[in-house]
Structure formats: structure tokens, C-alpha cells
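J.: take a look and give me a structure for this.
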Amino acid sequence: ALHVAVNISASHLGDPELEQAVLSALRPDGLAAGELLLEVTESAMMDNFDQARAVLERLKAHGVQCAIDDFGTGYSSLSYLGRLPASTVKIDRSFVEHITTDGDAMTITAAVIRMANRLRLTTIAEGVETPEQLAILRQLGCTAAQGFLFSPAVPVATLAATIEGLGGSHSGFRLAG
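T.: Numbers count the residues shown, from 1 in each chain. Here you go, the predicted model:
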């Protein structure tokens with residue numbers, strides 16, 4: 001299944017109109033709630049954790065998915081991870097970029113994937129550019145990946161044809177937003 005991923009900033013989370021704006025996009029003739037993935041960085045959530053959590057919990061009740069974007073690059077406490085209404089953790093490209101050459105990047109990535117899997121969260125690796133990176137991520141149990149290995153940025157007009165040409169997946173590894 002394809003998802004529409006939308007980046008949400010700290011100012012969006014503080015906007016009292018956000019919830020209604022998101023719900024209005026989920027009309028019966030439009031996007032299904034389960035197809036919408038709101039991507040929020042750790043730092044945006046930490047700016048006002050209680051407010052962010054409340055808004056995201058209400059949207060989750062409608063079926064909207066939430067991803068913690070750029071995981072591991074912010075200053076949040078791991079204790080918040082289990083309290084957030086997230087379904088997905090996105091592993092920052094700064095770790096993926098060096099996974100084949102830097103043992104520390106590999107160790108951090110492996111730890112994030114194991115932790116997310118234990119919390120029953122999907123993992124998406126950002127910035128996958130080589131088959132070697134993909135092979136390591138598969139071996140570590142990462143759920144999905146995105147990056148130039150799959151496709152460069154494409155204009156909206158050609159997106160549907162690009163996805164159809166890929167068959168929605170790459171060698172059994174799910175593509176992500």
C-alpha cells in the first residue's frame with residue numbers, strides 16, 4: 001500500500017487548526033486515514049511534548065499514522081519513544097550513509113532497528129543509495145527504505161508511472177515515502 005507522507009513542523013503541531021485540516025483531507029472521496037503518514041521530527045515533538053502527543057493521539061484515533069523523522073539526531077529522551085503515538089521510526093540518513101564503512105553507524109542503526117521492532121514500530125531507513133546499504137539494512141531487520149537506490153526525485157506527473165514500473169517494491173523490500 002502506498003502512503004502519502006507529510007512533514008509536520010513544530011509550528012504546525014502548535015496550530016489549533018491542524019487537526020481539522022488533516023481530517024478535512026480525509027474525505028470519503030479522498031485519502032484514507034491509514035494512507036496518511038505524518039512525519040514529525042524528534043525536536044518538533046519535544047518543543048511541546050504534551051501538546052504534540054495530544055494532537056497526534058487524536059489523529060491516530062482517526063487512523064492517521066505518525067512517523068518519528070530523523071530519529072537519533074535530536075536531543076529527546078528514549079523514555080518518550082514508548083509514549084508517542086507513532087507507528088514508524090525513520091532512521092536518519094546520516095547513519096545509513098556510513099553504515100558500510102563506520103562500525104559506530106552500523107551499531108547505532110542496528111540498535112534503533114532492534115528497539116523499534118521490540119516496540120512494534122515500523123522502521124524506514126532514509127537515504128539508501130547502494131545495494132550494500134540495502135543488504136545490511138535487510139540483514140538488520142529494517143522494515144522499509146527510501147532513497148536514490150530506488151528512484152531519484154521525480155515530478156508528480158511521472159510519479160504514478162514510476163511506482164507502477166517498480167511494482168511498488170524493490171526485490172521484496174518495501175519502498176517508503
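J.: any residues touching the helix of greatest length in the chain, and which ones?
T.: For the chain, the longest helix by residue count, based on DSSP state H, is helix 103-118. Residues from elsewhere that reach helix 103-118 (C-beta atoms under 8 Å, 6 or more residues apart in numbering): 71-72, 78, 81, 89, 91, 94-99, 122-123, 125, 136-137, 140-142. Heads up, the C-betas are built off the backbone N, CA and C, glycines and all.
J.: which parts of it are buried?
T.: The neighbour-count criterion (16 or more other C-beta atoms under 10 Å) identifies 105-106, 108-110, 112-113, 115-117 as the buried residues of helix 103-118.
J.: CA atoms only for stretch 79-96, dumped as CSV, please.
T.: Listed next in CSV are the C-alpha coordinates belonging to stretch 79-96 (Å, rounded to 0.1, in the frame of the first residue of the first chain):
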residue,chain,number,x,y,z
SER,A,79,11.7,7.4,27.6
TYR,A,80,9.5,9.5,25.3
LEU,A,81,9.6,6.9,22.5
GLY,A,82,7.2,4.5,24.1
ARG,A,83,4.8,7.3,25.0
LEU,A,84,4.5,8.8,21.5
PRO,A,85,1.6,7.7,19.2
ALA,A,86,4.0,6.7,16.5
SER,A,87,3.8,3.7,14.2
THR,A,88,7.1,4.3,12.5
VAL,A,89,10.7,5.4,13.2
LYS,A,90,12.7,6.8,10.4
ILE,A,91,16.4,6.2,10.7
ASP,A,92,18.3,9.3,9.7
ARG,A,93,20.3,9.2,6.5
SER,A,94,23.4,10.3,8.5
PHE,A,95,23.6,6.8,9.9
VAL,A,96,22.6,5.0,6.7
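J.: what's the closest of the buried residues of helix 103-118 to Glu42?
T.: Distance to Glu42, by C-beta to C-beta, is smallest for Val112 among the buried residues of helix 103-118, at 11.9 Å.
J.: and the gap between the closest one and Pro131?
T.: As judged by C-beta to C-beta, to the nearest Å, Val112 and Pro131 stand 21 Å apart.
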